[in-house]
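Participant: any chance you could fold what I've pasted below:
(chains A and B)
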Amino acid sequence: GDSVTQMEGPVTLSEEAFLTINCTYTATGYPSLFWYVQYPGEGLQLLLKATKADDKGSNKGFEATYRKETTSFHLEKGSVQVSDSAVYFCALSESNTGKLIFGQGTTLQVKP
Amino acid sequence: EPEVTQTPSHQVTQMGQEVILRCVPISNHLYFYWYRQILGQKVEFLVSFYNNEISEKSEIFDDQFSVERPDGSNFTLKIRSTKLEDSAMYFCASSSQQGPGLGAGELFFGEGSRLTVL
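Facilitator: Presented below is the predicted three-dimensional model:
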């Protein structure tokens, strides 16, 4: 079945460092891909998405490119801030019924 | 900003007891969902609901689980006879359009209800 694999956390970076969180997926068709973020004490929020191959999703300085050839959707940010500390979830969906398949989540800690 | 709210934030119950988790979706949304996350594991889809019917459910969503929209504002998840393995964080979500695939609506999640079964 479909699945999503993310890099293990926690990831600890200094402020202004470059961030990459790897995400790869397995799917039978052509899924849409998502990054969700969960800040402490809050629910999951959509960070960005891409719905077809070679699309780039971007938001708040974060970017991810849908790479069909490598089945990847890595999250990047050029310069992280302390306020980016959160848990990041990669996810895919092949349906329009609201079924998201999530990765295990990666905790990011940014130190001043 | 409109948000999805869930109650209770934390519930502790004895094995075999019934539990109802409540959610108030965003007011103009039509599609509703429950997900759960067992500690240390992935967030898993349980069920989607539209027009007073289940649209899709996972293998996890067995006869012990049921969902209801009793009064036009609340969306509830009932677990009839809780087991130890039901201990998890339960997330409610809603969307204004069918989602979240191609061209479809964003899912808005609540903060979660933590269920501990002893």
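
Participant: excluding its backbone neighbours, what's nearest residue 7?
Facilitator: I went with chain A, as the question did not name one. A:Asn22 (4.3 Å; Cβ to Cβ, 6 or more residues apart in numbering or on different chains). All C-beta atoms are positioned from the backbone trio N, CA, C, and that covers glycine.

Participant: switch to chain B, that's the one I care about
Facilitator: Setting aside the residues directly before and after it, B:Thr7 is nearest to B:Arg22 in space (Cβ to Cβ, 6+ apart), at 4.9 Å.

Participant: ok, now which ones touch the one you found?
Facilitator: For B:Arg22, the contacting residues are B:6-8, B:74-76, taking Cβ atoms under 8 Å, 6 or more residues apart in numbering or on different chains as the criterion.

Participant: helix or strand with the lowest mean pLDDT in chain B?
Facilitator: Considering only helices and strands, the least confidently modelled element of chain B by mean pLDDT, DSSP states H and E is strand B:108-109, at a mean of 90.

Participant: is that strand anywhere near chain A?
Facilitator: Yes. Part of strand B:108-109 sits near chain A under the criterion Cβ under 8 Å from any Cβ of the partner chain, namely B:108-109.

Participant: that strand pairs with which strands, and in what direction?
Facilitator: The pairing partners recorded for strand B:108-109 under DSSP bridges are strand B:88-95 (antiparallel).

Participant: could you pull up the mean pLDDT of the strand it pairs with?
Facilitator: This predicted structure assigns strand B:88-95 an average pLDDT of 94.

Participant: pull the residues that contact it.
Facilitator: With Cβ under 8 Å, 6+ apart as the test, strand B:88-95 has contacts from A:43-44, A:98, B:4, B:6, B:21, B:23, B:25-26, B:29-39, B:43, B:46, B:75, B:77, B:104-110, B:112-115.

Participant: strands - which of these land there?
Facilitator: A:44, B:6, B:21, B:23, B:31-37, B:43, B:46, B:75, B:77, B:108-109, B:113-115 (DSSP state E).

Participant: what's the neighbour count on B:Gly72?
Facilitator: Residues near B:Gly72, counting by other Cβ atoms under 10 Å in any protein chain shown, number 7.

Participant: can you check B:Leu84 too?
Facilitator: Using other Cβ under 10 Å as the criterion, the residues surrounding B:Leu84 number 9.

Participant: check the contacts of B:Arg22 and tell me the two furthest apart.
Facilitator: When those are compared pair by pair using Cβ to Cβ, the farthest-apart members prove to be B:Pro8 and B:Phe75, with a separation of 14.9 Å.

Participant: got a winner among the contacts of B:Arg22 for most neighbours?
Facilitator: Ranked by neighbour count (other Cβ under 10 Å), these have B:Phe75 at the top, with 25 neighbours.

Participant: got the contact list for that residue?
Facilitator: When the contact criterion is Cβ under 8 Å, 6+ apart, the partners of B:Phe75 are B:22-25, B:32, B:49, B:67-69, B:92, B:94.

Participant: need the residues of chain A near chain B, please.
Facilitator: That would be A:31-32, A:34, A:36, A:41-46, A:49, A:51-52, A:89, A:91, A:93-105, which are the residues of chain A within reach of chain B (Cβ under 8 Å from any Cβ).
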